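Enquirer: this one's sequence-less:
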């Protein structure tokens, strides 16, 4: 079965180039296109893709706003952010809100398809350029805040942490793990205490640093 893809990109030439590249590969199918986040969300009412290729800078509604809205209604859609160079904090902010990966718009066709396949298989993906930004940011953050090394999280706490990194809120985490929302909140309190973190971005950094969240760092 072909992987169904929706492209959200405001630059027409780039959108057409991606579409042509994807259609040349027999494993993928383009089911929809959008030029901004608002149009993308509206089109999701008609067709649900396996993967969204989402530009993070678009008019009317940008990629981050669209990502947040999509995750509320469609937590299972895989979302790969199309990015130019940016700061690690921006990348981590997208991850915290549910993005499955980042790829530079200047990446090769080989890396492009590797990113799609990796994300569809429920792993995170960052190409080499994004990886360098992310890892440099993690090292700088670690040196400033002394982010702790892997500590003794319980199996349940680790499961909750993974879902936090996937951008899910208490309600969706409780449904996915078959526990109450109050229990999720209890585990989150323990996670923050044990990891000595103060917000979701720091939790993502902790999870990546300690290998709790699987990441394909393509070098």
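Expert: Looks like it came in fine. The structure displayed is predicted, hence computed values, not measured ones.
Enquirer: Please make it C-alpha for all contacts and neighbour counts, starting now.
Expert: Noted.
Enquirer: Report how many residues lie close to residue 110.
Expert: Using other Cα atoms under 10 Å, residue 110 has 8 neighbouring residues.
Enquirer: same for the helix or strand that contains it, what does it pack against?
Expert: Per DSSP states H and E, residue 110 falls inside helix 109-120. For helix 109-120, the packing partners by 3 or more Cα pairs under 8 Å, 6 or more residues apart in numbering; DSSP states H and E come out as strand 78-83, strand 101-104, strand 124-126.
Enquirer: which regions of the chain lie under the pLDDT threshold?
Expert: Residue ranges of the chain with pLDDT under 70: 85-87, 127-151, 167, 214-219.
Enquirer: List the residues that contact the residue lying closest to residue 166 once chain neighbours are set aside.
Expert: The shortest distance from residue 166 to any residue other than its chain neighbours is 4.8 Å, reached at residue 98 (Cα to Cα, 6 or more residues apart in numbering). Residues near residue 98 by Cα atoms under 8 Å, 6 or more residues apart in numbering: 67-68, 71, 79, 165-168.
Enquirer: can you redo these as TSV with distance to residue 32?
Expert: What follows is the contacts of residue 98, written out as TSV (distance: Cα to Cα, whole Å):
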residue	distance to residue 32
67	17
68	20
71	18
79	14
165	27
166	24
167	24
168	25
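Enquirer: Tell me which of those residues fall in strands.
Expert: Using DSSP state E, the subset of the contacts of residue 98 located in strands is residue 79.
Enquirer: quick check, nearest of the contacts of residue 98 to residue 212?
Expert: residue 165 (9.7 Å; Cα to Cα).
Enquirer: how deep is that closest one tucked in, by neighbour count?
Expert: For residue 165, the number of neighbouring residues by other Cα under 10 Å comes to 25.
Enquirer: thought it was touching residue 205?
Expert: No. Applying Cα atoms under 8 Å as the test, residue 165 and residue 205 come out as separate, 9.3 Å apart.
Enquirer: Quick check: buried residues in stretch 77-97?
Expert: For stretch 77-97, the neighbour count (16 or more other Cα atoms under 10 Å) marks 77-84, 88-89, 91-97 as buried.
Enquirer: My error: substitute stretch 157-170 in the last question.
Expert: Neighbour-count burial for stretch 157-170, counted by 16+ other Cα under 10 Å, picks out 157-158, 160-170.
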